[in-house]
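In: coords please:
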Amino acid sequence: MKRDFVEIEWPNGEHSFVAPGSNWLGSALEVGVEIPTGCLGGSCGACEIEVNGEVLRACIDNVPSLDNSKLLKVDFVTDPYWDQ
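Out: Here you go, the predicted model:
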């Protein structure tokens, strides 16, 4: 059974419930999380987030639907090259 809303835990510790298919960037802004962006077309990688261990590009990917009560935990992707 698909759920009507997906629970998300954001990097700032906030939780929200959003509809599957929602835009990651807009959903993040609603809880005060600004995801960095660049090209807004998926090619530059500036908007990469990690969702339950999977790296996604927030500008082109949407919140998935879930078949169970699993929480989506969002973290910012760190790049060892840029974090020096």
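
In: Please give the number of neighbouring residues around residue 41.
Out: When neighbours are defined as other Cβ atoms under 10 Å, residue 41 has 10 of them. The way it works is simple: take the backbone N, C-alpha and C, and place the C-beta from them, glycine included.

In: what's the answer for residue 12, then?
Out: 11.

In: Give me the three-state assignment for it.
Out: coil (DSSP: H, G, I helix; E, B strand; the rest coil).

In: what's near enough to touch it?
Out: With contacts taken as Cβ atoms under 8 Å, 6 or more residues apart in numbering, residue 12 has the following neighbours: 31-33.

In: now these in CSV, with neighbour count?
Out: Shown next, in CSV, are the contacts of residue 12 (neighbours: other Cβ atoms under 10 Å):
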residue, neighbour count
31, 17
32, 9
33, 20
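
In: for those residues, which one is nearest residue 78?
Out: residue 33 (15.8 Å; Cβ to Cβ).

In: The closest one and residue 11 touch, don't they?
Out: Yes: the pair residue 33 and residue 11 passes the contact test of Cβ atoms under 8 Å, sitting 6.1 Å apart.

In: picking up where we left off before, which of the contacts of residue 12 fall in helices?
Out: Judged by DSSP state H, the contacts of residue 12 include no members of helices.

In: For this structure, just list every one of the helices.
Out: Under DSSP H, the chain gives helices at 24-29.

In: what are the ranges of the strands in it?
Out: 6-9, 15-18, 48-51, 54-57, 72-76 (DSSP state E).

In: before we move on, the earlier item: residues that sit against both of residue 33 and residue 11, list them.
Out: residue 74.

In: quick one on the thing from earlier: can you lay out the contacts of residue 12 as CSV showing pLDDT and distance to residue 52?
Out: What follows is the contacts of residue 12, written out as CSV (pLDDT from 0 to 100; distance: Cβ to Cβ, whole Å):
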residue, pLDDT, distance to residue 52
31, 96, 17
32, 96, 21
33, 96, 16
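
In: could I get those residues as a markdown table with distance to residue 59?
Out: Converted to a markdown table, these look like this (distance: Cβ to Cβ, whole Å):
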| residue | distance to residue 59 |
| --- | --- |
| 31 | 18 |
| 32 | 19 |
| 33 | 14 |
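
In: If we only consider those residues, which is nearest to residue 67?
Out: residue 31 (24.1 Å).
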